[in-house]
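>>> okay, predicted coordinates and the sequence, questions at the end:
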Amino acid sequence: MQFQVQHSPVFSTLEISLEQNEYVVAQPNSMLTMTAGIKIAAHIGRQSPTDPPESSHDSVDPLESHDGVRPIAKPPKKHSWSGGFKSLLGGESFFTAEFRAKSDGEQVVLAPDSYGDIVVLNIEGDSGYYLTRGSYLANTGQTNIRTTYGGLKGLMSRKGLFLMHAAGVGHVFCQSYGSVVHRELAVDETIYVDNRFMVAFSDTVTYKLVKATESVRDSLMSGEGLVNRYTGPGHVYYQTRGKPSGGFLSVLLEAVF
């Protein structure tokens, strides 16, 4: 399997070349083009029942300090109605689309639903990533993507009550709005990111919601309010634009669900 991101950073597409029986799982309605030897199957949730990963990280609360403790491995779950509803809660689709090659040399091209870059996350056995709401595009290999509960802090940070956690071995592709900036944080190195712009971050990174300034008045009147503080070690990916708001009611519903 080979892949290439083209036409970045604004009108990005993901081109994936597949050999016989290789497959990619993606968001529904993301296919731009494909060759004749690609078979499409729809599944509920994220986990493919035909080729499950050997191991994965369990979900932990990304909004609390991890204290250097890594998530505990837990067997991946197969497709289920509950998994589909959890995907909805995480801001994703109830179904996923599987594109599988019936012969060698097949190709599928995926296109995000927004104008922005595509982030390629390399998932290894000892690493994982949290994906923020709406950033998931596709995944390949023995990757396991689960919806995790983010708690009230996730609601207050406008990222919703749920996030997605990616672990296993393979690649996960994230869509963004605008260009993407990558920062690798050293141990105890800190960066503050406005809540609307985060795309993905390593599960080794400590995440905490804080005021933009020490003064509540300055935080509110500056328009910044609450921001996310990320402390390394690990990687963070954030986009250069925030998606336009659909109004107060839309923002409230997105934050809750």
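Good, I have the coordinates.
>>> which ones are touching residue 176?
Counting by Cβ atoms under 8 Å, 6 or more residues apart in numbering, residue 176 touches 112, 114, 116-119, 135, 199, 237, 239. Quick note: C-beta positions are derived from backbone N, CA and C, even for glycine.
>>> how much space between it and residue 187?
The gap separating residue 176 from residue 187 is 27 Å, by Cβ to Cβ, to the nearest Å.
>>> partner strands of the helix or strand in which residue 41 is found, with direction?
For residue 41, the host element (DSSP states H and E) is strand 38-44. Under the criterion DSSP bridges, strand 38-44 sits next to strand 95-101 (antiparallel) in its sheet.
>>> ok, and for the partner strand, which residues are buried?
By neighbour count on 16 or more other Cβ atoms under 10 Å, the buried set for strand 95-101 is 96-101.
>>> also stretch 10-17?
Neighbour counts using 16+ other Cβ under 10 Å place 12-17 of stretch 10-17 among the buried residues.
>>> now secondary structure and distance to residue 166 too, for these, in a markdown table please.
Output for the buried residues of stretch 10-17, formatted as a markdown table (DSSP: H, G, I helix; E, B strand; the rest coil; distance: Cβ to Cβ, whole Å):
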| residue | secondary structure | distance to residue 166 |
| --- | --- | --- |
| 12 | coil | 19 |
| 13 | strand | 21 |
| 14 | strand | 16 |
| 15 | strand | 21 |
| 16 | strand | 17 |
| 17 | strand | 22 |
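>>> which of the residues you listed lies closest to residue 144?
Of all the buried residues of stretch 10-17, residue 16 has the smallest distance to residue 144: 19.2 Å, by Cβ to Cβ.
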